[in-house]
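K.L.:
Sequence first, predicted model second:
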Amino acid sequence: MAKLNMVQAINLALETEMAKDESVIVLGEDVGRDEGVFRVTAGLLEKFGESRVIDTPLAESAIIGTSIGMALAGMKPVGEMQFSGFSYLMVHQLEGHASRFRGRSLGEWNVPLVIRMPYGGGVRALEHHSESREGLYSTIPGVKVVIPSTPRNARALLLAAIRDPDPVIFMEPKRSYRAFREEVPEEEEIMEIGKAQIVQEGSDITVIAWGAMMRPAIKAVDEIKEKLGKSVELIDLLTMNPMDGLTVAESVKKTGRCVIVQEAPKTMGIASEVIAQINDRALMYLEAPVKRLTNYDVMTPYFGREMNYVPGQENIYKAIEETLNY
Amino acid sequence: MPIKEVGHYSVSYLQILDASGNVDKELEPKISDEDLLALYRGMVMGRAVDQRMLNLQRQGRIGTFAPSTGQEAAHIVPAFLMNDKDWFVGAFRETGARLLRGETITQTLLYYNGFEEGNKRSGNRRILPVSIIVAGQALHAVGIGYAMKYQGEKDTSVICIMGDGATSEGDFHEALNFAGVWNVPVVFIVQNNQWAISLPREKQTSSKTLAQKSIAFDIPGIQVDGNDPLGMYVATKEALERARTGGGPTLIEAVTYRLMMHTTADDPKKYRQDDEVEGWQAKDPLIRFKKYLEDKGLWDEQKEEALQGATKEEIDAGVKAFEEFTELPPEACFDHVFAKMTPELEEQKQDFLKRKGS
Ligand SMILES: Cc1ncc(C[n+]2csc(CCOP(=O)(O)OP(=O)(O)O)c2C)c(N)n1
């Protein structure tokens, strides 16, 4: 067992999978000699060489477009978008092609491709470096969207993503990259894509979060237990699409109350879909309206104001308290 | 049937002031003493602001920025040659050029401290905000060029600046293609500083020059010593004249060097050798230009000292004004989502103020 931060855990997943499977390769801007601007790909070039760790020219569409070709021809490319804010240049390859090969060929062709990208705020970065757009990617049929929240689940989910036969967007909460460490077991651990995780069981209210919002959510939940003596069930969504509506609904049936915490803007986000899933499956069990605590429908402000907008522990505490008292 | 040659192309390289600051008399442009000195002042200011920003960044008083030390000639000379109707469409590594076009030091600092207020330009309004997305701005420049033509504006042009990495993006090729087809008044300046973060130029493209990329679109292209202010002057002036008189776009590759880190968040020691940097330090555009001015009898140590002093004072004043901004409204971002605030946004704004207040 080793205590790793999320950067090291993702690196470990890449390294073990590359060692095991020669068809796995990594490509992107600055992923080789520079070892990634966050050092996520540290040591890989040295171990696996230039034909498997490719420093590409600066072109996101080309990174994913060529990855699609590689995947169609039997390889398992793991492409990196340096920041999620630059991933839109590849959206036409993702939406127009990666997501469609299976359907357009009635299963004849598939695109096993992983697109990793750091996302989210909190690191005082320039414009385009702080957005949370998991909702946008989750509207594309045929694309899986995964967001880890800790080093351990990052490793386990990335392994699953690389082995997945379909395109997976793997969004890494950069605020959590080096914020804390966690024991990551030496033996291989795989988490199933499409499954939410009940992080903590409880009976009074369900709290749902993902990515960087998990940390303040855990703290707020602890505070609720301490101050109000209430029992909170905490769910880490982990996969945005396909969404695990069953786990969410079962929890809400038990607790009757729910708060969803989302870093992304409010409208048309993942939280909206969680609420729809609850309506579909557990409406009659609700004792209070489901509350979503989100960012606002503004462009992510430059970093001077950014953190004013992102939900924090105090806001989460309040939202839970209000929903408990409804 | 014999094979016919249907095209034959070459790429020229322009240098007027050599690496040691000696001028090629035959190519030397006629520039008034006043303009020469103004150019030098602009470059000194660019360098000095860069250094001050680096200090401020290291003290945590501003955020990440991209230094332009060493590249002054490549962007400040073109900025100097623009008239007030011309448009400046830059990337993120041309602070000195922006200052010359009328941006204030205070606004630059506000921008790099994470406040949109920094984008509210004073002075010349035809400067687009910093474009962080690599190469996206090249298409905007072409659109602006089209609009100028369409609206019948005479004697105007667009200067569009980017890095060598930008030439790999689809947007770059699309921009050049449209620019050629539409024959718009755009001068594309690629600051080839040899690196795109950790990727050396040779791995960015297998083209021998970046200037030759113009050939594919049949627009004029030239490679210039980008650390030679006189070379940049002549090449840009010619391109601007072509643009302003209906002759269409030009691509200028300015061969220069990024003497510092990519941004203050980057550590170049991971991927490049010190001796490479030292080799380029010897070709510093400021040193060269100063020597040229001295040789012309326009400059001496006393004048240099006075200029350095005046520059420092101006920067001090800008930093002071920047530090006086303490209360920037946290809710500002709600007011500029749409032209008119929607009821839903108004509700969200009130919720935000409540959240903030609690
Ligand atoms: C579309 C896009 N992809 C990636 C990035 C991240 N990034 C910022 S600057 C940079 C390198 C740019 O190199 P170049 O165009 O040569 O300009 P330079 O930084 O050398 O001035 C990269 C990869 C970005 N800003 N935009």
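P.N.:
Done, it's in. Being a predicted model, the structure only gives us computed values, none of them experimental.

K.L.:
Surely residue B:74 is in contact with residue B:227?
P.N.:
Yes - counting by C-beta atoms under 8 Å, residue B:74 does reach residue B:227; the two are 7.4 Å apart. In short, each C-beta sits where N, CA and C put it, glycine included.

K.L.:
Between the two, which is the more surrounded one?
P.N.:
residue B:74 (35 against 27; other C-beta atoms under 10 Å in any protein chain shown).

K.L.:
Quick check, the residue in the stretch 1-150 of chain B closest to chain A?
P.N.:
residue B:114 (3.2 Å; C-beta to the nearest C-beta).

K.L.:
Could you say which helix or strand holds that residue?
P.N.:
Under DSSP states H and E, no helix or strand contains residue B:114.

K.L.:
Same check on residue A:118?
P.N.:
Residue A:118 belongs to strand A:114-119, assigned by DSSP H and E.

K.L.:
Provide a list of residues in contact with the one residue sitting closest to the centre of chain A.
P.N.:
Note on chain A: the residue nearest the mean C-alpha position is residue A:147, at 1.2 Å, using C-alpha atoms, centre = their mean. Applying C-beta atoms under 8 Å, 6 or more residues apart in numbering or on different chains, we find residue A:147 in contact with A:134, A:170-173, A:210-211, A:237-240.

K.L.:
Please tell me the pLDDT value assigned to it.
P.N.:
Residue A:147 is assigned 99 on the pLDDT scale.

K.L.:
Residue A:174 versus that one, what's the distance?
P.N.:
12 Å (C-beta to C-beta, to the nearest Å).

K.L.:
Run a quick neighbour tally on the closest residue to the ligand within the stretch 101-250 of chain A.
P.N.:
Nearest to the ligand, among the residues of the stretch 101-250 of chain A, is residue A:128, at 6.9 Å (C-beta to the nearest ligand atom). Residues lying near residue A:128 (other C-beta under 10 Å) number 16.

K.L.:
who's in contact with it?
P.N.:
Counted by C-beta under 8 Å, 6+ apart, residue A:128 has contacts A:83, A:85-86, B:132-133.

K.L.:
The ligand next: which of the residues you listed are close?
P.N.:
Counting by C-beta under 6 Å from any ligand atom, A:86, B:132-133 from these sit close to the ligand.

K.L.:
Leaving out sequence neighbours, find the closest residue to the closest residue to the ligand within chain A.
P.N.:
Per C-beta to the nearest ligand atom, residue A:86 is where chain A lies closest to the ligand, at 3.6 Å. Excluding the flanking residues, the one nearest residue A:86 by C-beta to C-beta, 6 or more residues apart in numbering or on different chains is residue A:60, at 5.7 Å.

K.L.:
Got the phi and psi for the one you found?
P.N.:
The phi/psi pair for residue A:60 (degrees, to the nearest 10) reads phi -70, psi -40.

K.L.:
returning to what we had before: how much space is there between the residue of the stretch 1-150 of chain B closest to chain A and the ligand?
P.N.:
17 Å (C-beta to the nearest ligand atom, to the nearest Å).

K.L.:
if I read this right, residue B:166 contacts residue B:91, doesn't it?
P.N.:
Yes - between residue B:166 and residue B:91 a contact is recorded at 7.0 Å, counting by C-beta under 8 Å.

K.L.:
So those two - more neighbours on which side?
P.N.:
residue B:166 (28 against 24).

K.L.:
would you say the more buried one is within a helix?
P.N.:
Yes - checked against DSSP: H, G, I helix; E, B strand; the rest coil, residue B:166 lies within a helix.

K.L.:
residues near the spatially closest residue to it that is not a sequence neighbour, how many?
P.N.:
Residue nearest to residue B:166 in three dimensions, not counting chain neighbours: residue B:135, with 4.0 Å by C-beta to C-beta, 6+ apart. Number of residues near residue B:135 (other C-beta under 10 Å) recorded here: 25.

K.L.:
what about the strands in the chain?
P.N.:
Going with chain A. A:2-4, A:24-28, A:53-55, A:76-80, A:114-119, A:144-146, A:168-173, A:182-184, A:197-200, A:205-209, A:232-236, A:239-241, A:258-261, A:291-293 (DSSP state E).

K.L.:
oops, I was thinking of chain B
P.N.:
Along chain B, the segments classed as strands by DSSP E run B:13-14, B:87-89, B:158-163, B:186-192, B:195-196, B:199-200, B:221-225, B:250-255.

K.L.:
OK, now which residue of the stretch 1-150 of chain B is nearest to the ligand?
P.N.:
Closest point on the stretch 1-150 of chain B to the ligand, by C-beta to the nearest ligand atom, is residue B:134, at 3.7 Å.

K.L.:
wouldn't that residue be in contact with residue B:91 here?
P.N.:
Yes - using C-beta under 8 Å, residue B:134 makes contact with residue B:91 at a distance of 7.2 Å.

K.L.:
shared neighbours of those two, which are they?
P.N.:
B:162-163, B:166.

K.L.:
and of the residues you listed, the nearest to residue B:275?
P.N.:
residue B:163 (22.9 Å; C-beta to C-beta).

K.L.:
For that closest one, give the beta-bridge partners.
P.N.:
When bridges are called by DSSP bridges, residue B:163 pairs up with residue B:191.

K.L.:
so how many other residues sit close to it?
P.N.:
26.

K.L.:
what sits against it?
P.N.:
Residue B:163 sits in contact with B:91, B:93, B:134, B:190-193, B:196, where contact means C-beta under 8 Å, 6+ apart.

K.L.:
Buried ones only from those residues, please, as a PyMOL command.
P.N.:
For anyone working in PyMOL, the buried entries among these, judged by 16 or more other C-beta atoms under 10 Å in any protein chain shown, can be selected with:
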select buried, chain B and resi 91+93+134+190+191+192+193+196
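
K.L.:
Make CSV from the contacts of residue B:163 and add pLDDT and distance to residue A:118 to it.
P.N.:
CSV is the format used below for those (pLDDT from 0 to 100; distance: C-beta to C-beta, whole Å):
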residue, pLDDT, distance to residue A:118
B:91, 98, 22
B:93, 98, 22
B:134, 98, 17
B:190, 98, 28
B:191, 98, 27
B:192, 98, 28
B:193, 98, 25
B:196, 98, 18
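
K.L.:
Make a markdown table out of the contacts of residue B:163 and add distance to residue B:220.
P.N.:
Listed next are the contacts of residue B:163 as a markdown table, based on distance: C-beta to C-beta, whole Å:
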| residue | distance to residue B:220 |
| --- | --- |
| B:91 | 22 |
| B:93 | 24 |
| B:134 | 24 |
| B:190 | 14 |
| B:191 | 18 |
| B:192 | 17 |
| B:193 | 22 |
| B:196 | 25 |
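
K.L.:
And the nearest residue to residue A:281 once chain neighbours are set aside, what's its pLDDT?
P.N.:
Spatially, and ignoring its direct neighbours in sequence, residue A:281 is nearest to residue A:249 (3.5 Å; C-beta to C-beta, 6+ apart). At residue A:249, the pLDDT value in this model is 98.

K.L.:
hang on, isn't residue A:249 packed against residue A:283?
P.N.:
No - here residue A:249 lies out of contact with residue A:283, judged by C-beta under 8 Å, at a distance of 9.5 Å.

K.L.:
Lovely, talk soon.
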